[in-house]
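**Student:** Fold the following.
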Amino acid sequence: MYFPKVQNMLGNILPTSVTLFMIAWVVASFSSFGQQESQFSQYTFNTVAFNPAYTGSRELISIAALQRSQWLGVDGAPSTQNVSIHAPVWRRVALGMTIVNDVIGNGTIKQTEIKALVAYTVPTSEEGRLAFGLNLGGNLNSVDFTALRISNSANNPGLNSPQGTFSPNIGAGVYYREPSFYLGISNPNLLNNTLYTFNPNAINVQEAQTWYGIAGYVHRFSDDLQFKPATLVQLTSGAPVQVDLSATVLLQEKLLLGTSYRFGAAVSVLGGYYFSDQLFGGLAYDQELTDFGGQSLRGRTVEFLLRYEFKDRNCKCSPKPSLY
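**Tutor:** Residues are numbered from 1 along each chain as shown. Take a look at the predicted model:
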């Protein structure tokens with residue numbers, strides 16, 4: 001798909017830690033679409049990673065950790081780690097923090113995103129809440145193509161040494177919620193920073209803006225059966241619109257089962273279990289539906305999530321297991 005462009009830019013590359021098509025995909029994605037945001041299959045349990053207005057919406061201290069391993073069996077495939085914490089702290093104000101770490105090519109390309117979160121919630125009705133959020137922070141970016149053997153490196157001076165930058169950024173979001181419905185819009189990176197330069201006369205890698213829209217509805221048939229359809233829409237500058245649709249059920253307030261479809265890209269199987277009212281573990285398995293550059297990649301991706309929520313100090317009660 002992008003091989004002619006990549007070969008003209010990089011020449012004959014013989015990677016030592018990743019395959020040729022992996023590096024081609026990474027560089028072509030940067031040059032064609034800009035820096036993409038991290039992608040999560042369990043987005044309904046990890047909303048704070050891309051919408052700061054979600055901060056404090058759990059109405060208690062919530063800590064989550066996620067590991068996403070993409071394209072299993074491919075050396076140097078992307079890997080993502082995410083850790084977040086958020087909680088209401090004073091009246092209508094909530095604070096939080098999220099860290100997202102992306103690694104591609106066994107460390108050839110790294111990006112660590114660190115953000116402080118703040119949200120302010122306004123009651124709109126007896127049960128409705130409208131929150132406005134901001135995130136402040138930035139990205140630590142590094143790329144090291146010295147791990148690769150480049151035959152015409154003299155013509156590509158930007159590939160002869162490691163590069164590293166820090167890119168400050170700011171984001172904003174709006175999030176509306178009721179006991180059985182939610183809707184949010186956000187852009188976690190409003191600035192178009194230059195992350196890397198591969199040969200100053202040829203290509204600058206810039207951070208592309210991504211807008212997120214998320215919505216979901218929880219229907220409680222009974223305490224033992226809940227059903228939730230949800231969607232996530234991503235609009236990235238220069239890239240096709242990405243739409244995810246998911247449907248999950250919660251059985252006996254313990255077992256979560258579901259499926260998700262990313263239009264034209266992947267289908268996912270979702271699972272989870274409430275080990276207690278406070279501790280939840282989630283699992284997603286993705287099967288890619290597209291080929292890459294003539295290669296029959298059809299990658300498989302696994303994503304693990306753990307979330308722990310503290311008891312409310314005022315009522316001394318635990319969070320109630322739900323799909324919300």
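
**Student:** P229 and L245 touch, don't they?
**Tutor:** Yes - P229 is within contact range of L245, at 7.5 Å (criterion: C-beta atoms under 8 Å). C-beta coordinates here come from the backbone N, C-alpha and C atoms, glycine included.

**Student:** for E126, helix, strand, or coil?
**Tutor:** coil (DSSP: H, G, I helix; E, B strand; the rest coil).

**Student:** per-residue pLDDT, it?
**Tutor:** The model reports E126 with a pLDDT of 91.

**Student:** what residues are up against it?
**Tutor:** Contacts here follow C-beta atoms under 8 Å, 6 or more residues apart in numbering; on that basis E126 touches nothing.

**Student:** hey, what's the closest residue to T112 other than its chain neighbours bridged with?
**Tutor:** Nearest non-adjacent residue to T112, counting by C-beta to C-beta, 6 or more residues apart in numbering: L140, 4.4 Å away. Applying DSSP bridges to L140 gives these bridge partners: T112, F166.

**Student:** how near is L140 to F50?
**Tutor:** Counting by C-beta to C-beta, to the nearest Å, the separation of L140 from F50 is 18 Å.

**Student:** Please state the offset of stretch 267-278 from the chain centre?
**Tutor:** 18 Å (C-alpha atoms, centre = their mean, to the nearest Å).

**Student:** Then stretch 185-195?
**Tutor:** That offset, for stretch 185-195, works out to 14 Å (C-alpha atoms, centre = their mean).

**Student:** Residues touching that stretch, excluding its own?
**Tutor:** 30, 34-35, 37, 50-53, 111, 115, 133, 135, 139, 141, 165, 167-175, 204-214.

**Student:** out of these, which are buried?
**Tutor:** Among those, those classed as buried by neighbour count (16 or more other C-beta atoms under 10 Å) are 30, 34-35, 37, 50-53, 111, 115, 133, 135, 139, 141, 165, 167, 169-175, 205-210, 212, 214.

**Student:** show me where the stretch 101-250 of the chain has strands.
**Tutor:** Taking DSSP state E, counting those that start in this stretch as the criterion, the stretch 101-250 of the chain carries its strands at 109-123, 129-143, 148-150, 163-178, 181-187, 194-198, 203-206, 210-217, 219-222, 225-236, 242-251.

**Student:** Same list (these) but as a markdown table, adding distance to A65.
**Tutor:** Formatted as a markdown table, the strands of the stretch 101-250 of the chain follow (distance: least, C-beta to C-beta, whole Å):
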| stretch | distance to A65 |
| --- | --- |
| strand 109-123 | 15 |
| strand 129-143 | 18 |
| strand 148-150 | 32 |
| strand 163-178 | 21 |
| strand 181-187 | 21 |
| strand 194-198 | 26 |
| strand 203-206 | 29 |
| strand 210-217 | 21 |
| strand 219-222 | 28 |
| strand 225-236 | 20 |
| strand 242-251 | 20 |
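
**Student:** In a markdown table: those, plus distance to L279 and mean pLDDT.
**Tutor:** Formatted as a markdown table, the strands of the stretch 101-250 of the chain follow (distance: least, C-beta to C-beta, whole Å; pLDDT from 0 to 100):
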| stretch | distance to L279 | mean pLDDT |
| --- | --- | --- |
| strand 109-123 | 23 | 94 |
| strand 129-143 | 25 | 92 |
| strand 148-150 | 43 | 54 |
| strand 163-178 | 23 | 90 |
| strand 181-187 | 23 | 96 |
| strand 194-198 | 37 | 64 |
| strand 203-206 | 40 | 64 |
| strand 210-217 | 22 | 96 |
| strand 219-222 | 22 | 92 |
| strand 225-236 | 18 | 95 |
| strand 242-251 | 15 | 96 |
